[in-house]
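Participant: generate coordinates for the sequence data below:
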Amino acid sequence: MRLPLAGLTVLDFSQFLAGPSAALRLSDLGARVIKVERPDGGDASRGLYLADLPFDQDSALFHAINRGKQSLTADLKDGDDLALVKRLIGTADVLIHNFRPGIMERLSLGWDDVRAINPRLIYAGVSGYGPDGPWRDRPGQDLLVQSLSGIAWLSGDGDGPPVPAGLSITDMMAGAQLVQGILALLVRRGMSGEGGRVDVSLMETAIDLQFEHLAVYLNRGGAMPGRSDVANANLYLAAPYGIYRTADGHIALAMTPVDRLGMLIGCAGLAEFPKDRWFAERDAIKAMLRDHLATQGSVHWLAILEPAGIWAAPVQDWPTLTGSAGFAALDAVQQVTAPDGATLALTRCPIRVDGQIIRNERAAPRLGADSAAIQSELTGAP
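Facilitator: All right, here's what the predicted structure looks like:
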């Protein structure tokens, strides 16, 4: 299979998650990705261990985000190294960075600097809060952005504390937004021959993630909505939308008629609520559901609800998920292999091209592993 970005070269100056995840997706789609890293330690996520899980001299997290890339070490404050990097920029198609606003300019690698070197370059930047404003220099970290943006406030029941998402959603979505911008500019370049600049921030990504809820808020006079006291899952959706405990687990119920749901599960009291009260009295409805669903196990309820076309699902943990036939059918796990032959199980690229699953079985690069080869390419030396 010829991948759609084969032949493109991406320079990844970024660290941690948002920028590297964007570069990873471009790599999955066929681009050659060269990480440009500090000689003294490289990308900081090399040493960021989740659950103390190492692999091939670095953290498993680093490999999850940087599999299949190459590594060039360069001190950007050193004149010779900077000259080499600028020469590399002259041959590249895309440059990704997530330095704080102003840093790339001080290194003479800002947008105006690099487009003078390579007018066809796509210059892609990720920041925490954009180039201006009082938040500009705050730490661009996912949990902080979830908190500042209101995302953490969306989750949790009405009388409970805010609950952040259990994964780095603003980082990963910012990376996805960056990929969209890069691909759009590559299409434009294909028509005009000119490069361009794309910028995203974690905060703007977090705001966009809330577009449904903010659309209501911004057009209702600024009134803050309330979270459900019972089974809160969406600020603006009526009952029964939420997750409920059963006798042996939990099930999720999405949008469904409350009266029909009551008939199916034998909860006659639900019929007392007319359709125009399913939102206004959602906590009373959800409380009734909570008490009724707790009397039987998840399999019992799902055997009733799923054949009837009710949008319901069990709440699964990872052992249940990965042991399921549905998970097996997706073939969602791949192995990457280190130079010493060690293997690490990781998730694969979720995109299929021409009906085929994309895999990249090469582990992330050791720090500076490709420096000599890349320098030889640029200088023509053997």
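Participant: can you give me the helices in the stretch 201-350 of the chain?
Facilitator: With helices called from DSSP state H, counting those that start in this stretch, the stretch 201-350 of the chain shows them at 202-209, 211-218, 258-265, 282-293, 298-305, 318-322, 325-330.
Participant: among these, which comes closest to Val179?
Facilitator: helix 202-209 (12.2 Å; Cβ to Cβ). Quick note: C-beta positions are derived from backbone N, CA and C, even for glycine.
Participant: Pro314 bridge partners, please.
Facilitator: With DSSP bridges as the criterion, the beta-bridge partners of Pro314 are Ile251.
Participant: distance of it from Ser228?
Facilitator: Here the criterion is Cβ to Cβ, to the nearest Å. By it, Pro314 lies 21 Å from Ser228.
Participant: and what of Ser168?
Facilitator: 26 Å.
Participant: next one: Ala116
Facilitator: Per Cβ to Cβ, Ala116 is found 56 Å from Ser228.
Participant: more crowded one of these two?
Facilitator: Ser228 (22 against 9; other Cβ atoms under 10 Å).
Participant: residues contacting the more buried one?
Facilitator: Asp157, Gly158, Gly242, Arg282, Asp283, Lys286 (Cβ atoms under 8 Å, 6 or more residues apart in numbering).
Participant: ok, Gly47 next?
Facilitator: Gly41, Asp58, Ser59.
Participant: sec struct for Leu26, please.
Facilitator: Using DSSP: H, G, I helix; E, B strand; the rest coil, the structure places Leu26 in helix.
Participant: what sits against it?
Facilitator: Contacts for Leu26 (Cβ under 8 Å, 6+ apart) come out as Leu5, Leu8, Val10, Val33, Val94, Val179, Ile182.
Participant: and those, which of them are in helices?
Facilitator: Judged by DSSP state H, helices contain the following of the contacts of Leu26: Val179, Ile182.
Participant: need the contacts of Leu26 in TSV (columns: distance to Gly110, pLDDT and neighbour count).
Facilitator: Formatted as TSV, the contacts of Leu26 follow (distance: Cβ to Cβ, whole Å; pLDDT from 0 to 100; neighbours: other Cβ atoms under 10 Å):
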residue	distance to Gly110	pLDDT	neighbour count
Leu5	25	98	21
Leu8	22	98	20
Val10	18	98	24
Val33	21	98	26
Val94	16	98	25
Val179	22	98	21
Ile182	18	98	27
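Participant: where in the chain is pLDDT low?
Facilitator: Flagging of the chain using pLDDT under 70 yields the residue ranges 381-382.
Participant: okay, which residue is most central for it?
Facilitator: Met172 (2.1 Å; Cα atoms, centre = their mean).
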